[in-house]
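Chemist: what would the 3D arrangement of this be:
(chains A, B, C and D)
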Number of protein chains: 2
Amino acid sequence: MEEDLKCTVKHPDIIKKVKPQMPKEETLFDIAELFKVFGDTTRMKIICCLFESEMCVCDIAELINATQSAVSHQLRVLKQAKLVKYRKEGKVVYYSLSDRHVEIIFNMALEHIQEM
Amino acid sequence: MEEDLKCTVKHPDIIKKVKPQMPKEETLFDIAELFKVFGDTTRMKIICCLFESEMCVCDIAELINATQSAVSHQLRVLKQAKLVKYRKEGKVVYYSLSDRHVEIIFNMALEHIQEM
DNA sequence: TTTATATATGAATAGTTGTTCATATATTCA
DNA sequence: TGAATATATGAACAACTATTCATATATAAA
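Modeler: Numbers count the residues shown, from 1 in each chain, chains lettered A, B, ... in the order given. Now for the predicted structure:
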């Protein structure tokens, strides 16, 4: 039941300077939530499909070799994060990226990966 | 034990066009892994601390109000993802961002959040 | 209205992950 | 050498998440 030993602060001046520059707790939470959505291979694949054009659920499933159900569940997550939008045409639902940010964020990560 | 019903492909032409443009499985996996690292509030806070200047473990812990142990564990994750680097000075270990990409990716996400 | 098909969704499960606690290691100083 | 301090790390646990299976809903066509 030992508490985690606290080290003593080394640079109170730096802490004092950095503290007010930190984004709000809520903002950091939202950003982490957004990245969480990107942080899954299935969702990443879905996003990549949509770089080219809108696509319906069953074509996505076929393309990334996943079940319709899995794709549908993940599309819901992407929809909630406002990363994709959709339109219905009869029975078929077409999904597409909701804005260009998604691709920019993706490419930035790709660059980082490739430099490592 | 019913298999997930497969829908029939709607647009074989689109699939044929998109398929070769998809990044390699391995690349997508790596990118998702990278985003996973960003997808945690504690790690996000640590990263934000380091935008301003290098910082030692106990100052980070104090600044984001977390235990030394939690910070240390998360710094290891960030280190493994090559998002931070460190230098040792006696007992004290100073961490800093390993490149500017981190800040760019962060800002892109911030923009996305703020437009929603 | 019945049948077939596209998509969505609830529940269960297995796997993953973050924190905590306890302790190890490394370094400095007396 | 011994005490104090900074950091790292292993194990355990709780919380979360992605997939699967089963089924519901919605639309179209016969």
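Chemist: now do the phi/psi pair for residue A:95.
Modeler: Phi and psi for residue A:95, reported as degrees, to the nearest 10, are phi -110, psi 150.
Chemist: contacting residues for it?
Modeler: When contacts are counted by CB atoms under 8 Å, 6 or more residues apart in numbering or on different chains, residue A:95 touches A:46, A:50, A:54, A:55, A:56, A:57, A:60, A:75, A:78, A:84, A:85, A:86. Quick note: C-beta positions are derived from backbone N, CA and C, even for glycine.
Chemist: what about the nearest residue to the third one once chain neighbours are set aside, which SS state?
Modeler: Residue nearest to residue A:54 in three dimensions, not counting chain neighbours: residue A:96, with 3.8 Å by CB to CB, 6 or more residues apart in numbering or on different chains. Of the three states, residue A:96 takes strand according to DSSP: H, G, I helix; E, B strand; the rest coil.
Chemist: just want the most central residue of chain A.
Modeler: When CA atoms, centre = their mean is applied to chain A, the residue found nearest the centroid is residue A:38 (2.7 Å).
Chemist: which strand residues bridge the residue nearest to residue A:54?
Modeler: Legend: beta-bridge partners of residue A:96 under DSSP bridges are residue A:85.
Chemist: that one - how many residues pack around it?
Modeler: 13 (other CB atoms under 10 Å in any protein chain shown).
Chemist: for residue A:108, give its distance to residue A:43.
Modeler: 17 Å (CB to CB, to the nearest Å).
Chemist: more neighbours: which of those two?
Modeler: residue A:43 (23 against 19).
Chemist: correct me if wrong: that one contacts residue A:74.
Modeler: Yes. At 5.1 Å, residue A:43 and residue A:74 qualify as touching, with contact defined as CB atoms under 8 Å.
Chemist: quick one: buried residues of stretch A:45-53?
Modeler: A:45, A:46, A:47, A:48, A:49, A:50, A:51 (16 or more other CB atoms under 10 Å in any protein chain shown).
Chemist: now stretch A:27-36
Modeler: Neighbour-count burial for stretch A:27-36 [16+ other CB under 10 Å]: A:28, A:30, A:31, A:32, A:33, A:34, A:35, A:36.
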